[in-house]
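Colleague: need coordinates for the following:
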Amino acid sequence: MKRMKMKRLLLFAFLCGSLMTSCSEDMDDVVDDGVLTDPENVEIEDFIYRGMDEIYLYKSDIPELADDYFDTEQDYYAYLADWDTPANLFYQGLVASQDRFSFITDDYIALENSFSGISQTTGVDYRLYRFSNSNDIFGIVRYIIPGSNAEGTAIKRGDLFTEINGETLTVSNYASLLASPSVTFSLAEINDNTVTNTGEEVTIANSEITENPVLIQDVLEVEGLKIGYLMYNSFVADFDIQLNDAFAYFAAENIDELILDLRYNGGGRVSSATAMASMITGSYTGEIFAKKQWNEDYQNYFLANAPDELFNYFVDKIQGGTDINKLNLSSLYVIGTSSTASASELVINGLKPYIDVYLIGNTTTGKSQASVTLYDSPNFGRTNANPDHKYAIQPLVYESVNANDIVVPYDGIEPDVEIEESLSNYGVLGDPSEPMLAAAINAITGKTSKIQTRTIQKEFNYQEFAESSSLKPNYKRMYIDELPSLNLRN
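Modeller: All right, here's what the predicted structure looks like:
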């Protein structure tokens, strides 16, 4: 449909929304009888289409988003009405094949809460594994969220479980069982290379909590070195002050090196990742931390009118104006896993042109794109969002590369020191003997350059399947605060 026709149609639809009775006959003149079988769904789908048409990173790969794809208004509305649900339109019609991370939600309140670290949870953070040649799965506890209902119970890091509420976990029931109002974990152990129940059960109620992503901050003294250790589990802007306080602690301790544990960090807000990178270095304020590559329309506009929108710069303040606490480090040791994604990878990749960054663990996720929340409003912002529904979309809007134009590989960042968590030896987080932390310490002290642990995974055949954060709306997301106020297409 020609762009001029689209604009006339949208105006017509808006006027008819205000004067539904008087417009009903005229609407029949615009759309064949029966095309708009569900006006409310078409209203939502119209918003979805307009949002993707506006700023989607891979717009040029979707033929239906071409300016001249629809010949008439009838064709456009018939296309929208042809989809059973808004989600089907989004995922099957408008998301490119190479896009693993754009998503839609029918509850943007829950999405906003997740961006602030708020969720319904027992407080048990876990990783799930699937047995080979089976639909059965089992889980292992990675850590207990402080202040949650799980804190102080019998369940702890390294515990395995195979059943929830008396039912064996499978690929089809795990999500509903683990989201139950009350969750009973049937604990298990490894015997003769099999996972078997111990008979012990722990029941924990789900509740709403706000998780501080700063899980551990400590200073370890090893061979005359002061090594800072920070376990940080999500880039949440609401906790930038706590993050900055952690760096104040490290600065006061005058640490020599920093181990940044991002093994369970699936990403988060770009501004928080930029602030963290600035705290680590402290020497590059105003220089390029990352470059943004938008779709053709936005890229060309920014090149001509607002070139600063194409860059993230190192900063000297967090949001709100507080000075950041700087460490002025020339090297960084990062613990990462397959759960390490997006904004975590942004920190690793963005710092590499400036300091030595060493990755200890295994290959990360491989996500270099940022997204933004679009609401059903005239400018896609939260203000004046359509009160009739809670749908929002979170499309990828730009790809991030570092100052040397290097992108995070699609298959992830490979480790310099290779080690993975072993189910039989999870260790205690923050303890220098915990295997992954020990490997990072050894890398600092020069005791190892490349190691690989033999894990029980090879012995009884299982594969990573999911994790507790995969049930949250913001799973493995890197997102910006808001849409640039351009609205170029509409």
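Colleague: can we go C-alpha only for contacts and neighbour counts from here?
Modeller: Noted.
Colleague: how much space between residue 231 and residue 430?
Modeller: Separation of residue 231 from residue 430 (CA to CA, to the nearest Å) stands at 8 Å.
Colleague: which neighbours do these two share?
Modeller: Taking CA atoms under 8 Å, 6 or more residues apart in numbering as the criterion, residue 231 and residue 430 both touch residue 216.
Colleague: the closest residue to residue 121 other than its chain neighbours: neighbour count?
Modeller: Nearest residue to residue 121 in three dimensions, chain neighbours excluded: residue 206, at 4.8 Å (CA to CA, 6 or more residues apart in numbering). By the criterion of other CA atoms under 10 Å, residue 206 has 21 neighbours.
Colleague: could you do the one 3 residues further on as well?
Modeller: Burial measure for residue 209: 18 neighbouring residues, criterion other CA under 10 Å.
Colleague: then residue 55?
Modeller: 27.
Colleague: touching, it and residue 380? I think so.
Modeller: No: under the criterion of CA atoms under 8 Å, residue 55 is not in contact with residue 380, lying 10.6 Å apart.
Colleague: surely residue 188 meets residue 201?
Modeller: No: Residue 188 lies out of contact with residue 201 (CA under 8 Å); the separation is 9.4 Å.
Colleague: which one's more surrounded, these two?
Modeller: Just comparing residue 188 and residue 201: by other CA under 10 Å the higher neighbour count belongs to residue 188, 22 against 18.
Colleague: can you tell me the SS state at the more buried one?
Modeller: Assigned with DSSP: H, G, I helix; E, B strand; the rest coil, residue 188 falls in the strand class.
Colleague: give me the nearest residue to it, chain neighbours excluded.
Modeller: residue 197 (4.0 Å).
Colleague: so the one you found is in which element?
Modeller: Using DSSP states H and E, residue 197 sits in strand 194-205.
Colleague: looking at that strand now, give me its mean pLDDT.
Modeller: In this model, strand 194-205 has an average pLDDT of 95.
Colleague: pull up the pairing partners for that strand, direction included.
Modeller: Paired neighbours of strand 194-205 in the sheet (DSSP bridges): strand 182-191 (antiparallel).
Colleague: restrict the partner strand to CA atoms and write it as CSV.
Modeller: Taking Å, rounded to 0.1, in the frame of the first residue of the first chain, the C-alpha atoms of strand 182-191 are listed here in CSV:
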residue,chain,number,x,y,z
SER,A,182,3.3,-23.0,45.7
VAL,A,183,6.2,-25.1,44.4
THR,A,184,7.3,-28.4,46.0
PHE,A,185,10.8,-29.4,44.9
SER,A,186,11.6,-33.1,45.0
LEU,A,187,15.3,-33.1,45.5
ALA,A,188,17.7,-35.5,43.7
GLU,A,189,21.3,-36.5,43.5
ILE,A,190,23.7,-38.1,41.1
ASN,A,191,24.4,-41.8,41.6
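Colleague: can you list contacts of that strand?
Modeller: By CA under 8 Å, 6+ apart, strand 182-191 touches 122, 159-166, 177, 195-206, 424.
Colleague: rerun that using 6 Å as the cut-off
Modeller: Residues outside strand 182-191 that contact it (CA atoms under 6 Å, 6 or more residues apart in numbering): 160-161, 163-165, 195-198, 200-206.
Colleague: and the buried ones among the residues you listed, selectable in PyMOL?
Modeller: Buried members of the contacts of strand 182-191, identified by 16 or more other CA atoms under 10 Å, are gathered into one PyMOL selection as follows:
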select buried, resi 160+161+163+164+165+195+197+201+203+204+205+206
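Colleague: between the contacts of strand 182-191, which is closest to residue 111?
Modeller: residue 206 (17.9 Å; CA to CA).
Colleague: just give me the neighbour total for residue 387.
Modeller: Quick note: residue 387 (other CA under 10 Å) scores 9 neighbours.
Colleague: kindly report the same for the one 5 residues further on.
Modeller: Neighbour count of residue 392, defined by other CA under 10 Å: 25.
Colleague: that one contacts residue 372, correct?
Modeller: No: counting by CA atoms under 6 Å, residue 392 sits too far from residue 372 to count as a contact (10.0 Å).
Colleague: domain parsing for this protein?
Modeller: The record's domain parsing of the chain by automatic domain parsing lists 3-96, 120-210, 214-458+473-479.
Colleague: nearest to residue 102, of those domains?
Modeller: Across the domains of the chain, closest to residue 102 is domain 214-458+473-479 (CA to CA), at 4.5 Å.
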